[in-house]
Each structure stands twice: as structure tokens, then as C-alpha cells.
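K.L.:
Sequence and predicted structure below; questions after.
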Amino acid sequence: MEPTTNDIVNALQQHTNATDAAASIGLSYDQLKRRLAAAGLRTSAHYLDGSELSDEDQAILAGGRTDCDWLRSLAGCRKFASPEQIAALDALATHGSVAAAADALGMTAAALRSRLSEIERSSARRGYSPAHDMTHTVPLGFHVDGISQLRDAEGRIKQQWVKSKADKESRIALLMDAVQRIAEPFRGASELVAPPTHNNADLLSVYPMGDPHIGLFAWAQETGDSDFDLRIAETHLVAAVDRLVMLSPPSEQALILNLGDFFHADDQSARTKRGGHALDVDSRWAKVLSVGIRIMRRIIERALEKHDRVRVINEIGNHDDHSSIFLGVCLAQFFENNPRVEIDTSPNPFHYYRFGANLFGVTHGHTVKLAQLPQIMANDRAKDWGDTRHRFWYTGHVHHDQRKELIGCVVETFRTLAARDAWHNAQGYRSGRDMKLHVVHRERGRIMEHRVGVESLPMPGDAS
């Protein structure tokens, strides 16, 4: 049976190129071109070559919808649009056609259509698409996860149920905005100290902190390990960094890596976000946050005494999805006045740092298998991958030492200074506890490692 014009238009809308569209309805490429021309699409040859349709032809392929129709349908979407998208709507309203509006904006008509289509998609995600009987929107930070409708015999909607789901990207943006407002009084409050007079520009000191779990509570008689609480966590971590800074050569740069799970609990509920498991915590959540921020401030300030520049990466762990972001934003606000300190506040689960012929990848490790990390690095940092000889991944999560030399890079996991809690004790975990320092040469790669074991660290109240 010979395909109709509607069959041809539908095929073109469903396939990314004309050859596939023609094949899907039993036509050759040349037959499709002739049928489109016969249907009145005067620029059909341009369309098949990947160029833009004229406004008239675009309306035909869109089922008769003109630019004016499109503008009317987008009128209610304005409140969901970004500033760039609002500018596109205003240009279309002023000039009357996509082609004229695109010229005024200095962009192609295809790019403008793409921007307008994204307005429709983003509005639909928020629950607004009148053409599909969607007019009940969801609040900022959520997106529509599904809609159920009850219709009468004539097809009229009698009832409608809108299911929504928290939007991760919006939630993170709202959280960062709130944290920045909270931390505003402390903006630029760090004390500026003179940099060290002698540093080696060819050396980088890397301080990886494996899963500090600030706020964890452990009772030695229950866990068979040792007591652990907020005061012990602060004493151990600050003392370990102090000792490692003393052992470090005078490297010009320092890279402080919080490998995730800096905080043991993410909120006052003291439960894991994914499994809902109860956590053994010491003190109130607000106090734990305050102590954690103080610990990181002391660590950074100590590193500034030895190194000219300090860069800090705070990974998001499976225990502190939100409080880790809080930590990063607060530190960035506090050290904003210090040009020697750089705090990476990106919520991306993968971070990278390039130092000469060395490339470092950092992630907590709970979202991906270790064997996948070389490919992820090569994809995310293709140029840096090709320009470097020494590549390393720093990860946490598993609380034990592990070093795998995979194709292209070395993947390592690190121990924690925190004592095991009751749950980990019952599960049979028995890894050691320490913190390390890696010294890296700009061209020769890693040249030195120092280790500080928990058994050598003081307890609160011990004489220094």
C-alpha cells in the first residue's frame, strides 16, 4: 500500500535522517524527495540535506502549527523559562516569526526552535502542558513523575492525579543558595598570614582524608575497637594533619582531599538517606556541623603555614549528601578574601586536578565500580589524559587500603581515622586506621609517602 503524505510526515518526525524515514515506510530516498515536493514542501531538498525548513514548511511538518500558534501555546510557559528563554519568547512576540526573531537574536532559526522547544519540555516537567490537559503544576524543586486521569464517556476529564518527585538538581541549587545566605556573615573572615618564604614549585603535597565520619559515636566495650566521639574525631584529625604537614617537604602547592563521608549523619534524623538505617551519633547535628567546619578551617590554616597555595576538594559521600555541600560553601565564603586558598564547591561526584605530568581524579566511590574509573577519567579529561603520564584516582567509602594498577592509571582507596561503630563491628570489618601524605613531583610523579597511624595520635586532654 502506497504511504500517504501523513505517513511521510510522521516518519520524518520519528527518525533523525531522511534515509531511515524513507526506509521505514518502504520508499527510496529519491522517492521520498519527490513525494515531499509533490506535497508542497518547497524546501524539501534542503531539509533532506540537513538545512533549515522555511517557516511555511516548518508549519506543515508540525501539523499545521504556525509560529503565531506556537507563541500562543508558549504564553503560559513564561514563568518556567530561564532569562535566555524569556528573551527568545520576547523576540518571537516582537518579530512575529521564528526566522525574524532568530535574525534579531543573532542565532539560527534551528537554534531558536530548539530553545523554544526546551521551554515546552521544562514546563511539562513542572506539570504545565495545556495541549495534553496538564495544568496542575508542582512547586519549585520538584518535577512531575506521572499523571493519572479519570475520563467520562465523552472523553472529558473528571479527575486528575499528579504525582511529583523531588528534583535533584533544583534541590542542590536551592540548598547552595540557602547555605550561602547563612554563611554570608562569615564571608572573607579568614585571617591573612604571610606565605612561607621558600617553596619548591615542582612539588605538590596531597593530603587524602578517608571518610572522617565526624559525629560518629562508638563505645569500645560494644565495638571491640576504641571509644570515638566528636572530641576524639577533632583531636585525631587535626593532630594527624599537623604531623603530616611537618613531615611534608616545602611544596609550593597542597591538595587537601576530603574523600567523602566527612560527616557521619546528614541531618538530625541520624539515619542513612538510602536505606534508612539508624546511625550511632554523638551530639546534636548542628553542633556536629559547627565542629566539622572548625576542623576543616584548622586543617587549611595549618597547610597555609607550609604551602604557598592550598586547594580543597570536598567529595559528597553516601552519609553526607547535603552537609558536604554545606561544608564546601561555608569554607568558600570564609576563605573568599584569601587568594592562596581555593575551595572547589562543585556538587559533581567526580573532581579532577592537573599538576604538570600528573592527573588526579577524586570521588567517594559509592556510585561507580573502581574498574570503571580509568575510562571515566579518559572520557571526562581526554586532553589531560593524553598530556599526562602519571594518573591517579583517590577514593574512600570502603575504609581500607587498596591499590589497583589498572590500564592508564592507579586507583586507590584509603583508610579512615574513625573507629568502627557497632554496625561495622557486627559485620566483621577490621581494617586499620591511619592518614597519609603523598608528595608528587611535577614531572616524575609520586616520589614520597608518609603515614600517621591512629595509635600515635593523642586523645583529648593529653599533654602535647
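P.N.:
Perfect, I can see it now.
K.L.:
measure Asp308 to Met448 for me?
P.N.:
Look at Asp308 and Met448: by Cβ to Cβ, to the nearest Å, they are 19 Å apart. C-beta here means a position set from N, CA and C on the backbone, and glycine is covered the same way.
K.L.:
okay, the two: which has more neighbours?
P.N.:
The residue with more neighbours, out of Asp308 and Met448 and counting by other Cβ atoms under 10 Å, is Asp308; that gives 18 against 14.
K.L.:
Where do the strands of the stretch 151-300 of the chain begin and end?
P.N.:
All strands of the stretch 151-300 of the chain, identified by DSSP state E, counting those that start in this stretch, fall at 157-166, 200-209, 251-258.
K.L.:
What residues sit buried inside the second one?
P.N.:
Going by neighbour count (16 or more other Cβ atoms under 10 Å), the buried part of strand 200-209 is 200, 203-209.
K.L.:
which helices and strands sit right next to it?
P.N.:
Here strand 200-209 is seen to pack against helix 230-247, strand 251-258, helix 285-306, strand 434-441 when contacts are counted using 3 or more Cβ pairs under 8 Å, 6 or more residues apart in numbering; DSSP states H and E.
K.L.:
Tell me which of the ones you listed lies nearest to Ala101.
P.N.:
With Cβ to Cβ, the closest approach to Ala101 among those belongs to strand 251-258: 47.6 Å.
K.L.:
Could you pull up the mean pLDDT of the closest one?
P.N.:
Mean pLDDT, strand 251-258: 98.
K.L.:
Convert the C-alpha atoms of that strand to CSV, please.
P.N.:
The C-alpha trace of strand 251-258 is given here as CSV (Å, rounded to 0.1, in the frame of the first residue of the first chain):
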residue,chain,number,x,y,z
SER,A,251,55.9,22.0,48.4
GLU,A,252,54.5,25.2,46.8
GLN,A,253,51.1,23.6,46.5
ALA,A,254,48.9,21.5,48.8
LEU,A,255,45.9,19.4,47.7
ILE,A,256,43.5,18.6,50.6
LEU,A,257,41.1,15.8,49.6
ASN,A,258,38.1,15.1,51.8
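K.L.:
Quick one: find the helix or strand in this structure with the lowest mean pLDDT.
P.N.:
Ranked by mean pLDDT, DSSP states H and E, the weakest helix or strand in the chain is helix 44-48, scoring a mean of 40.
K.L.:
Ala254 versus the residue positioned nearest the centre of the chain, what's the distance?
P.N.:
For the chain, the residue nearest the mean C-alpha position is Asn348 (2.4 Å; Cα atoms, centre = their mean). According to Cβ to Cβ, Asn348 stands 22 Å off from Ala254.
K.L.:
can I see the domain layout of this protein?
P.N.:
Domain ranges of the chain: 5-131, 132-166, 169-456, per automatic domain parsing.
K.L.:
where among these is the average confidence lowest?
P.N.:
Lowest mean pLDDT within the domains of the chain: domain 5-131, at a mean of 71.
K.L.:
Which one of the strands of the stretch 151-300 of the chain lies nearest to His136?
P.N.:
The nearest among the strands of the stretch 151-300 of the chain, by Cβ to Cβ, is strand 157-166 at 4.9 Å.
K.L.:
name the helices or strands packed onto the closest one?
P.N.:
Here strand 157-166 touches strand 142-151, going by 3+ Cβ pairs under 8 Å, 6+ apart.
K.L.:
coming back round to it: tell me which of the domains of the chain is the most buried.
P.N.:
Of all these, domain 169-456 carries the top mean neighbour count, a mean of 18, counting by mean count of other Cβ atoms under 10 Å.
K.L.:
Include distance to Asp462 when you put the domains of the chain into a markdown table, please.
P.N.:
Below are those laid out as a markdown table (distance: least, Cβ to Cβ, whole Å):
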| stretch | distance to Asp462 |
| --- | --- |
| domain 5-131 | 56 |
| domain 132-166 | 46 |
| domain 169-456 | 8 |
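K.L.:
ok, back up a step: now tabulate the strands of the stretch 151-300 of the chain in TSV and tack on distance to Thr363.
P.N.:
Formatted as TSV, those follow (distance: least, Cβ to Cβ, whole Å):
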stretch	distance to Thr363
strand 157-166	23
strand 200-209	12
strand 251-258	10
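K.L.:
mind checking how far Lys163 is from Ser123?
P.N.:
Separation of Lys163 from Ser123 (Cβ to Cβ): 17 Å.
K.L.:
ok, now His307?
P.N.:
The gap separating His307 from Ser123 is 50 Å, by Cβ to Cβ.
K.L.:
swap in Val238?
P.N.:
According to Cβ to Cβ, Val238 and Ser123 sit 50 Å apart.
K.L.:
do Lys404 as well
P.N.:
According to Cβ to Cβ, Lys404 and Ser123 sit 47 Å apart.
K.L.:
And Leu255, by the same measure?
P.N.:
43 Å.
K.L.:
To Ala426, which of the strands of the stretch 151-300 of the chain lies closest?
P.N.:
Ala426 sits nearest to strand 200-209 of all those, at 25.5 Å, using Cβ to Cβ.
K.L.:
Okay, now the sheet partners of the closest one, with direction.
P.N.:
If you go by DSSP bridges, strand 200-209 pairs up with strand 251-258 (parallel), strand 434-441 (antiparallel).
K.L.:
Would you mind giving those as CSV with distance to Ala220 added?
P.N.:
Below are these laid out as CSV (distance: least, Cβ to Cβ, whole Å):
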stretch, distance to Ala220
strand 251-258, 26
strand 434-441, 19
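K.L.:
among the ones you listed, which is nearest Ala91?
P.N.:
Smallest distance to Ala91 across these (Cβ to Cβ): 45.6 Å, for strand 251-258.
K.L.:
re the thing from before, any idea what the residue nearest to the centre of the chain is structurally, helix, strand or coil?
P.N.:
On the three-state scheme (DSSP: H, G, I helix; E, B strand; the rest coil), Asn348 is labelled coil.
K.L.:
can you tell me how far it sits from Ser248?
P.N.:
Separation of Asn348 from Ser248 (Cβ to Cβ): 28 Å.
K.L.:
Please apply the same query to Asp225.
P.N.:
Distance from Asp225 to Ser248, by Cβ to Cβ: 29 Å.
K.L.:
next one: Asp401
P.N.:
According to Cβ to Cβ, Asp401 stands 20 Å off from Ser248.
K.L.:
likewise Ala382?
P.N.:
Distance, Ala382 to Ser248, by Cβ to Cβ: 32 Å.
K.L.:
Then Leu359?
P.N.:
Leu359 is 21 Å from Ser248, by Cβ to Cβ.
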